[in-house]
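Colleague: sequence-free structure coming up:
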């Protein structure tokens, strides 16, 4: 199987913040890097497979101590599959700063990966880290990033019933100084997605489907829906498209 299209890195910035999407493809991986221009501190929105490689390709390892916060939107592998390798690299490079990880309440996939890493290396970790389960509308603040969690509507193959059973899934509004960044994570059209992006300086919106499907069991946004949603924000980036393969 040969992949014809490799999503190119996407960047946006203003006077306060730089936002980089080094890679995002549905069913493969997504990682978003937010960097404060005033402090150099970083946060990651999702850590899909290859997140560590994407960070290293930026040309330095300053991120080892600069990452302050990781926010995971849901438990699908393409959004949290890189957490073990990233934590392992931080351990190997002897990070010393505390690290915070936030995720939806009962996000069993991510919680299991984080607990497994901690159990394996608890006696040899040079830094402390903690994970925080967030409920919808809850907030989490660090010294440099102010985050609010908003519920979105998403599910996948783990829903083996014909019922509309949603998985724990959040989008986030992040404030860095006076700049607001909204990230939908994976979602179908829902009020939460609108709340995330409304009046944001930058909206990062998944646009998995090229066309809007007719199915009643919606899992993702289509590109037309994502563009319409993006009009609620001052600027928008569309990510998480299905890669072209042959």
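Modeller: In hand now; what should we look at? Computed from a prediction, not measured in an experiment: that's the story for all the values here.

Colleague: Can you show me the helices along this protein?
Modeller: 51-56, 63-66, 77-80, 83-92, 108-121, 191-197, 223-230 (DSSP state H).

Colleague: Which of the ones you listed sits closest to residue 153?
Modeller: helix 191-197 (7.0 Å; CB to CB). C-beta coordinates here come from the backbone N, C-alpha and C atoms, glycine included.

Colleague: buried residues in that closest one?
Modeller: Judged by neighbour count (16 or more other CB atoms under 10 Å), helix 191-197 contains these buried residues: 192-193, 195-197.

Colleague: cool, and stretch 237-246?
Modeller: When neighbours are counted by 16+ other CB under 10 Å, the buried residues of stretch 237-246 are found to be 237-241.

Colleague: Counting only strands, which of those residues make the cut?
Modeller: 237-239 (DSSP state E).

Colleague: Relative to residue 52, how far out is residue 147?
Modeller: Separation of residue 147 from residue 52 (CB to CB, to the nearest Å) stands at 22 Å.

Colleague: of the two, who's got more company?
Modeller: Set side by side, residue 147 and residue 52 give different neighbour counts by other CB atoms under 10 Å, the larger being at residue 147 (23 against 20).

Colleague: which regions of this structure lie under the pLDDT threshold?
Modeller: Within the chain, the set of residues satisfying pLDDT under 70 comprises 1-9, 160, 162, 245-246.

Colleague: one more time with 50
Modeller: For the chain, the stretches with pLDDT under 50 are 1-6.

Colleague: which residues of it fall in strands?
Modeller: Per DSSP E, the chain carries strands over the ranges 10-13, 17-25, 29-36, 42-47, 67-71, 99-104, 129-134, 139-141, 146-151, 170-176, 179-183, 202-206, 236-239.

Colleague: Find the one among these with the highest mean neighbour count.
Modeller: For these, the largest average neighbour count (mean count of other CB atoms under 10 Å) is found in strand 202-206, namely a mean of 28.

Colleague: name the helices or strands packed onto it?
Modeller: The elements that strand 202-206 packs onto, with contact taken as 3 or more CB pairs under 8 Å, 6 or more residues apart in numbering; DSSP states H and E, are strand 17-25, strand 179-183, helix 191-197, helix 223-230, strand 236-239.

Colleague: Could you tell me how far the last one lies from the centre of the chain?
Modeller: Centroid separation for strand 236-239 versus its chain: 13 Å, with CA atoms, centre = their mean, to the nearest Å.

Colleague: With the fourth one instead?
Modeller: For helix 223-230, the separation from the chain centroid amounts to 19 Å (computed by CA atoms, centre = their mean).

Colleague: between the helices and strands packed on strand 202-206, which gets nearest to residue 151?
Modeller: If we rank the helices and strands packed on strand 202-206 by CB to CB, the stretch that ends up nearest is helix 191-197, at 4.9 Å.

Colleague: In terms of distance to residue 81, which of the buried residues of stretch 237-246 ranks first?
Modeller: Minimum separation from residue 81 among the buried residues of stretch 237-246 (CB to CB) is found for residue 240, which lies at 14.4 Å.

Colleague: And the closest one, its phi and psi?
Modeller: Dihedral pair for residue 240: phi 70, psi 40, per degrees, to the nearest 10.

Colleague: so who does it touch?
Modeller: With contact set as CB atoms under 8 Å, 6 or more residues apart in numbering, residue 240 has these partners: 24-26, 30, 186, 206-208, 220.

Colleague: Out of these, which is nearest to residue 72?
Modeller: Of all the contacts of residue 240, residue 30 has the smallest distance to residue 72: 10.7 Å, by CB to CB.

Colleague: was I right about the closest one contacting residue 80?
Modeller: No. With contact defined as CB atoms under 8 Å, residue 30 does not count as touching residue 80 (9.8 Å).
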